[in-house]
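Colleague: Sequence first, predicted model second:
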Amino acid sequence: MIRPAAALFAAGLLLAAPAARGQATLRITVPEDHPASRTIYVAGSFNGWNPAHPSYALQEQPDGTYAITLPMGTRETIDFKFTVGSWTYSEVDARGSEVGNRTFTVPWTGTAEYTGSVSAWRLLTWPLLGSTASSSVSVMSYDFIIPELWRRRRIFVYLPPDYETSGKNYPVLYALDGEFLFDGTIIPSYGEMNMDEMLDELQSGGDYGVIVVGIDFDPGTRFREYHPWVNNQVGGGEGDEYLAFIANTLNSYVDAHYRTMAGRETTGFLGMSSGGLLATYAALKRPDIFGRVLAFSPSLFFNPEIYDLAYGTPPPDEPVRLGFLSGASETSEWAPPDGIATGQTAMVDTLEAAGYDMSNIRSEIRSPSEHALWFWEDHFEEMYLWLMEGALASATEPVDQPAAAGFDVYPNPGGAVLNVRVGAPNPRSSAEVYDLLGRRVPAEPLRPGDNSLDTGRLPTGLYVIRVGTETRTWVKS
């Protein structure tokens, strides 16, 4: 029997208990090529449109969809979009065009589920509907790790039309700004250089052929990676690490997975604008890797320190074939009033004063001009043919480089056993092995001298070996 007071108290509890709040789950399917390592977020009116709020990350479900249950306080009509960590990598339609906000009404009580699909991610999904790339172009990796900077990047590869049937080995050209090289649908407002179509046609006319490795840029880090020194206007300072990535990590991977002519005489580098600055830097700092370099419209004004580097760097024993191109009246948003050509001419004069072999340096200043893809496209074929002139005749076997002071890995490429030679004693050192997704494989203590790691169960591919703060790349073949 319930006493009256107790009954009244119980009734009060019932009256005070709030109705069950409404709650919504958002569920989506994603493009088939979505990189598994990239987190998907929802940004909307309920979280200040933050494209990477950690509390609004979707989780992969057993059925392959991605879902998130929103906090209880989220109700009524909401607007939202999905991203891969920034607005740079937000959802777009199958042609790469902007899509409108999604809308859903969250009930005041009970639960509800929104279901939808993402056709493509801006700058990540490829190919888009209407892609203009030729059949010679493919994606080498959607999420290649940059161990020197612990970032990831999509890498395109162009293979000559006869690659599958010829059995030949080919020179390699590493080209920055991969989004602009082959496909005008990636960033429609800029277009493309049509490099694939030009190279296809050249080979059909008798050119030997070349492998082009197109490295995407990230709009949030492009200036930092392409500028060796910090620029107060736009940033910089990571050029050494990014160049090391291309020269060591990426170059090793490409040589291990494609039929390349390994060696400096058949390895080239191409950059445009700020990429032209890094290309010039590559010619000065890594002539051991890049024997052929093209710098289109190099934005040398961002880092005037490069002139001192050029004057103070002795010419390499084996000359670099270095081609410059800019427009007579070409300028850009940050360029000085006298334009880009003045800086190019000053660099060529500096190299001559420093004693460089000018027979291997070419400087072209052309009209009409614009700091744009069409200008570089117009002159690419001519500059490419000059760049590769004599490459096959002068190709030599690669020369082993001396081991770094800290540690070395061998044999490289290797197999079931990885040997790590440690220099200075450090009883606390350990070897960490990472795959291209950044996942650590084994970690073993090291002793000074030679150490052997069991890598028999690792699949073939490229790995990054880290000891302390130093890294090396190793290929299991």
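Modeller: That came through fine.
Colleague: How about the secondary structure of L322?
Modeller: Under the three-state scheme (DSSP: H, G, I helix; E, B strand; the rest coil), L322 adopts strand.
Colleague: State the number of residues packed around it.
Modeller: If you count neighbours by other C-beta atoms under 10 Å, L322 ends up with 29. Every C-beta, even on glycine, is put in place using the N, C-alpha and C of the backbone.
Colleague: Next one: it from L294, what distance?
Modeller: 8 Å (C-beta to C-beta, to the nearest Å).
Colleague: now do P127
Modeller: Going from P127 to L294 by C-beta to C-beta gives 26 Å.
Colleague: part of a strand, is S131?
Modeller: No - under the criterion used here (three-state DSSP), S131 is coil, not part of a strand.
Colleague: wait, isn't L277 in contact with P298?
Modeller: Yes - using C-beta atoms under 8 Å, L277 is in contact with P298, at 5.2 Å.
Colleague: anything in contact with each of those two?
Modeller: G271 (C-beta atoms under 8 Å, 6 or more residues apart in numbering).
Colleague: show me the contacts for I186.
Modeller: G96, L123, W126, L128, E179, F180, E192.
Colleague: Selection in PyMOL covering whichever of those are buried, please.
Modeller: Buried members of the contacts of I186, defined by 16 or more other C-beta atoms under 10 Å, are picked up in PyMOL with:
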select buried, resi 96+123+126+128+179+180+192
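Colleague: Secondary structure for the contacts of I186 - can I get that in a markdown table?
Modeller: Putting the contacts of I186 into a markdown table (three-state DSSP) gives the following:
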| residue | secondary structure |
| --- | --- |
| G96 | coil |
| L123 | coil |
| W126 | coil |
| L128 | coil |
| E179 | helix |
| F180 | helix |
| E192 | coil |
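Colleague: could I get the contacts of I186 as a markdown table with pLDDT and distance to W374?
Modeller: A markdown table is the format used below for these (pLDDT from 0 to 100; distance: C-beta to C-beta, whole Å):
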| residue | pLDDT | distance to W374 |
| --- | --- | --- |
| G96 | 90 | 20 |
| L123 | 87 | 21 |
| W126 | 93 | 22 |
| L128 | 92 | 21 |
| E179 | 97 | 16 |
| F180 | 97 | 11 |
| E192 | 97 | 10 |
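Colleague: Out of the contacts of I186, which is nearest to A36?
Modeller: Distance to A36 across these (C-beta to C-beta) is lowest for W126, with 16.1 Å.
Colleague: And that closest one, how far from V213?
Modeller: Taken as C-beta to C-beta, the span from W126 to V213 is 15 Å.
Colleague: do W108 as well
Modeller: For W108, the distance to V213 - C-beta to C-beta - is 55 Å.
Colleague: between those two, which one's more packed in?
Modeller: A side-by-side neighbour count of W108 and V213, using other C-beta under 10 Å, places V213 first with 22 against 11.
Colleague: Please name the spatially closest residue to the more buried one (chain neighbours excluded).
Modeller: Spatially, and ignoring its direct neighbours in sequence, V213 is nearest to Y174 (5.0 Å; C-beta to C-beta, 6 or more residues apart in numbering).
Colleague: Please parse the protein into its domains.
Modeller: Domain ranges of the chain: 15-121, 137-387, 407-476, per automatic domain parsing.
Colleague: Comparing these, which comes out most buried?
Modeller: domain 137-387 (a mean of 20; mean count of other C-beta atoms under 10 Å).
Colleague: Give me the distance from that one to the chain's centre.
Modeller: On the basis of C-alpha atoms, centre = their mean, to the nearest Å, domain 137-387 sits 14 Å off its chain's mean C-alpha point.
Colleague: circling back to that earlier point, sticking with the residue nearest to V213, tell me its helix or strand.
Modeller: strand 172-176 (DSSP states H and E).
Colleague: Counting by contacts, list what that strand packs against.
Modeller: strand 211-215, helix 251-257, strand 267-272, helix 274-285 (3 or more C-beta pairs under 8 Å, 6 or more residues apart in numbering; DSSP states H and E).
Colleague: which of these has the lowest average pLDDT?
Modeller: Lowest mean pLDDT within the helices and strands packed on strand 172-176: helix 251-257, a mean of 90.
Colleague: Are we agreed that D240 is in a strand?
Modeller: No - D240 is assigned helix when assessed by three-state DSSP, not a strand.
Colleague: Leaving out sequence neighbours, find the closest residue to it.
Modeller: Using C-beta to C-beta, 6+ apart and skipping the chain neighbours, the partner closest in space to D240 is P228 (6.1 Å).
Colleague: and the helix or strand harbouring T115, which strands flank it?
Modeller: In this assignment (DSSP H and E), T115 forms part of strand 111-117. Partner strands for strand 111-117, per DSSP bridges, with pairing direction: strand 23-29 (parallel).
Colleague: just the helices in the stretch 51-200 of the chain please.
Modeller: 163-166, 195-204 (DSSP state H, counting those that start in this stretch).
Colleague: Dump those to CSV, plus distance to Q61.
Modeller: Converted to CSV, those look like this (distance: least, C-beta to C-beta, whole Å):
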stretch, distance to Q61
helix 163-166, 38
helix 195-204, 38
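Colleague: So for N47, which of these sits nearest?
Modeller: Closest of the helices of the stretch 51-200 of the chain to N47 is helix 195-204, at 41.0 Å (criterion: C-beta to C-beta).
Colleague: and the closest one, what other elements does it pack with?
Modeller: Secondary-structure packing of helix 195-204 (3+ C-beta pairs under 8 Å, 6+ apart): strand 151-158, strand 211-215, helix 373-387.
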